Structures are given as structure tokens and as C-alpha cells.
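**Q** Pasted the sequence and its predicted model underneath.
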Amino acid sequence: MTEIPLVVQAPMAAGPSTPQLAAAVSNAGGLGFLAAGYRRPDDVREEIAATRALTDRSFGLNVLSVTEQSVDEAALTAYAEAVQPEAERYGVRTGAPSFDDDDRAAKLALAAEERPAFVSFAFACPSRDEVERLQTAGCGVWITVAEPAEAVIAEAAGADALVVQGVEAGGHRGSFEDVDGTGEIGLLALLRLVRAKTALPLVAAGGVMDAEGVRAARAAGAIAVQCGTAFLLCPEAGTPAPHREALRAGGPTALTRAFTGRRARSLVNRFVRDHPDAPSGYPQVSAIVGPIRAAARAAGDAEAINLWAGQAHALAREVPAAEVVASLSRS
């Protein structure tokens, strides 16, 4: 397996992760990542080609393991009615609460064909056959875990390394199940708990924004850190303008299902405050709310878009990605 650099750029789907960001991080000595989530397979292929045109160094690709689970249909219907005033505010209709698996099989086939240095998974554990297929193609396989028990399952599936995601992390919880109270352990404690279960290499994710945070994660057992929020304000990131403005303004974060039906850490805005009881149902809730998010983003209104951010977002800096890598790498 390719050596893992100290600084890994987290894959941030639906905007922030770009070929320019991944290449800049890799060119600076880190490991850039592309996010296949919410992208068509052909678009992912194009982004891989674009990244390779910008760097000859290793980079990774993240795939969302979206699996169909039982959902409360009545709760989905009630939630669609609850967010209807938001839809009316932006002159759109709510979407239908449909399920899709984000073209998972096609993206796995694409990854085996394109052979990025690393393929990471979030939301569920891939099968051993899937892991071995990617390893045979030459890809190192990482699985995101947020509980010690998940680490045991991921190791049994053949993972080469684990992304250990603390509750501080911005964006979606990468845990295998969307259950309140599960996958909500602080990073340093989680690293120690996971290290007690496995000798696999650990990549720490959640709230790491500076060299001091890197040193703490390494002391707790990680060989590398995966940072997302630290890169959101970089010029190479595709972070939408209202998201950037909200990060500059600051404020508290919270875990919420309001935007997608799966717990994710966001800056608190009107939509988060007004819909604290969104049901668990991913990606059905995301399909319901999608037109609202899109309309609010087009209007430049941060009050109804998902403002994913980690708990230490106030430490994010508006500097090139290479400078972020350098600052995180200082001993």
C-alpha cells in the first residue's frame, strides 16, 4: 500500500472537494481526496482525469456506502409537510422521498478501473469481496468508523486503514448506523478505544485544525489526520459563497438530520433550529429538502443550506491549501 502522508484532506461531497483542492494538497506533500458522493460516475471519471492533469502524486477517492434501510413512511410524509413553508419561501416544491444508492456499484467499478491510490468508505462497511477487488486493483482501502465495534467489523472486512471519526467532525457522521448516541465519541477517546481493538493504521478525523491538534491525535495513536473544515476557506475549495460567509461569521454547530435524514454537523441556522425533529431516513429526507437547499444556495441565503463545519471551525483560515498542509505538518 502507498505510504500514508501525515495530512489528508477529507473528501467533502457536493461542492467543497474539487480536483484543484485535491491536487494542491497532494502537491504540498499531503494526500488530496475526491468525493464521489452526489456525482454521476462519468463526472467522477472526469474529476479523476482533471486531478491527474494537475498532479503526478497520489490521491484518494471516497465512496458513500448507501444501503436501503427501513424508514418511517409516515414520518417522512409529516416532514415533507413541515418543510413546505420553506419551499414556499423559495418558490419551489419539495422533492419526492425516493431512495437511491448513489450509483454505488458503478462507482466501485470505476474506482477499480481508475485505481486511485486509496479508496475510502463512509456510512457502512463494504463487503470483503468489494475490499479485495479494490486491493487487487492496487488501491489501499480505508473504512470510516465512529465506534470501537465498527473498527472490529472493518478489520474483518479487510481494511488497510481506518478513518477514526470523532464527534467533533463536520459533515455527516460516518458511522454504520444512524442512531442517536451511536458514533458520538470524542476523537481522542475514540482513538484510544479503537487502538485497543486493532493494530491497523488509524487516520484521525474531527476537529483537527492546527499542528497542536495533529500532535495530540498522533499521541493518541493516529499515524495521520484527515482534515476537512481546515480547507473549506481555501481558494481551491468549491465551498459555496454563503457557506464561506457563514464560516467567517462563526457560531455554534450541532448534529442535525434536518437536511438529509442522517446526522451531520452543521453551523446552526434557521433550518437547523426550526427542524430539530427531522426523521432518520437517508437519502429520502435529502430528496425532500434538495430543491429547498438548491434554491437557497442560488439565492445566496445561508439560512436554508447545509453549512457543514466541525466544532473547531473558528480556526479555519483563508489561505491556499498548501499553506494549510504546511501549518498542520509543523512539528
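**A** That came through fine.
**Q** List the buried residues in stretch 271-284.
**A** Of the residues in stretch 271-284, 271-272, 275, 278-284 count as buried by neighbour count, 16 or more other Cβ atoms under 10 Å. All C-beta spots, glycine's among them, are computed from the backbone N, C-alpha and C.
**Q** Kindly export it (C-alpha atoms) in PDB.
**A** Provided in PDB are the C-alpha atoms of stretch 271-284 (Å, rounded to 0.1, in the frame of the first residue of the first chain):
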ATOM      1  CA  PHE A 271     -33.400  25.500   9.100                       C
ATOM      2  CA  VAL A 272     -31.500  23.600  11.800                       C
ATOM      3  CA  ARG A 273     -33.300  25.500  14.600                       C
ATOM      4  CA  ASP A 274     -36.700  25.000  13.000                       C
ATOM      5  CA  HIS A 275     -36.500  21.300  12.300                       C
ATOM      6  CA  PRO A 276     -34.900  19.600  15.300                       C
ATOM      7  CA  ASP A 277     -37.000  16.500  15.000                       C
ATOM      8  CA  ALA A 278     -36.200  15.500  11.400                       C
ATOM      9  CA  PRO A 279     -36.600  11.800  11.000                       C
ATOM     10  CA  SER A 280     -33.900   9.300  10.200                       C
ATOM     11  CA  GLY A 281     -34.200   8.500   6.600                       C
ATOM     12  CA  TYR A 282     -31.200   8.900   4.300                       C
ATOM     13  CA  PRO A 283     -31.300   9.700   1.400                       C
ATOM     14  CA  GLN A 284     -35.100  10.100   1.400                       C
END
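**Q** any residues touching it, and which ones?
**A** 66, 71-72, 75-76, 78-79, 82-83, 86, 97-100, 102, 123, 178-179, 254, 256-262, 266, 285, 292, 303-305 (Cβ atoms under 8 Å, 6 or more residues apart in numbering).
**Q** Find the nearest non-adjacent residue to residue 44, please.
**A** The shortest distance from residue 44 to any non-neighbouring residue, by Cβ to Cβ, 6 or more residues apart in numbering, is to residue 36 (4.8 Å).
**Q** what's the neighbour count on the one you found?
**A** Counted with other Cβ atoms under 10 Å, the neighbours of residue 36 add up to 30.
**Q** Model confidence for it, exactly?
**A** As predicted, residue 36 sits at a pLDDT of 97.
**Q** before we move on, the earlier item: filter the contacts of stretch 271-284 to the buried ones?
**A** Buried, going by 16+ other Cβ under 10 Å: 66, 71, 75-76, 79, 82-83, 86, 97, 102, 123, 178, 254, 256-262, 266, 285, 292, 303-305, out of the contacts of stretch 271-284.
**Q** The closest residue to residue 291 other than its chain neighbours: neighbouring residues, count only.
**A** Spatial nearest neighbour of residue 291, excluding adjacent residues (Cβ to Cβ, 6+ apart): residue 92 at 4.3 Å. As a burial measure, residue 92 scores 17 neighbours (other Cβ under 10 Å).
**Q** Also residue 129?
**A** For residue 129, the tally of surrounding residues (other Cβ under 10 Å) stands at 9.
**Q** could I get the helix or strand that contains it in PDB with only the CA atoms?
**A** For residue 129, the host element (DSSP states H and E) is helix 128-136. Taking Å, rounded to 0.1, in the frame of the first residue of the first chain, the C-alpha atoms of helix 128-136 are listed here in PDB:
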ATOM      1  CA  ARG A 128     -14.800  -8.400   1.900                       C
ATOM      2  CA  ASP A 129     -15.200  -9.100  -1.800                       C
ATOM      3  CA  GLU A 130     -15.500  -5.400  -2.500                       C
ATOM      4  CA  VAL A 131     -12.500  -4.600  -0.500                       C
ATOM      5  CA  GLU A 132     -10.400  -7.400  -2.100                       C
ATOM      6  CA  ARG A 133     -11.500  -6.200  -5.600                       C
ATOM      7  CA  LEU A 134     -10.100  -2.800  -4.900                       C
ATOM      8  CA  GLN A 135      -6.900  -4.100  -3.300                       C
ATOM      9  CA  THR A 136      -6.300  -6.400  -6.300                       C
END
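**Q** roughly how far is that helix from the heart of the chain?
**A** Relative to its parent chain, helix 128-136 has a centroid offset of 22 Å by Cα atoms, centre = their mean, to the nearest Å.
**Q** ditto for stretch 154-163
**A** Distance, centroid of stretch 154-163 to centroid of chain: 18 Å (Cα atoms, centre = their mean).
**Q** Tell me the buried residues in that stretch?
**A** Counting neighbours by 16+ other Cβ under 10 Å, stretch 154-163 gives 154-155, 157-163 as buried.
**Q** Tell me the one of the residues you listed nearest residue 17?
**A** The shortest approach to residue 17 among the buried residues of stretch 154-163 belongs to residue 163, at 14.8 Å (Cβ to Cβ).
**Q** what sits up against stretch 239-247?
**A** With Cβ under 8 Å, 6+ apart, stretch 239-247 has contacts from 15-16, 232-233, 267, 269, 296-297, 300-302, 305, 307-309, 313, 316.
**Q** Checking the closest residue in space to residue 205 that isn't next to it in sequence next. Helix, strand or coil?
**A** Distances taken as Cβ to Cβ, 6+ apart place residue 226 nearest to residue 205, at 4.1 Å, with adjacent residues excluded. Counting by DSSP: H, G, I helix; E, B strand; the rest coil, the backbone at residue 226 sits in strand.
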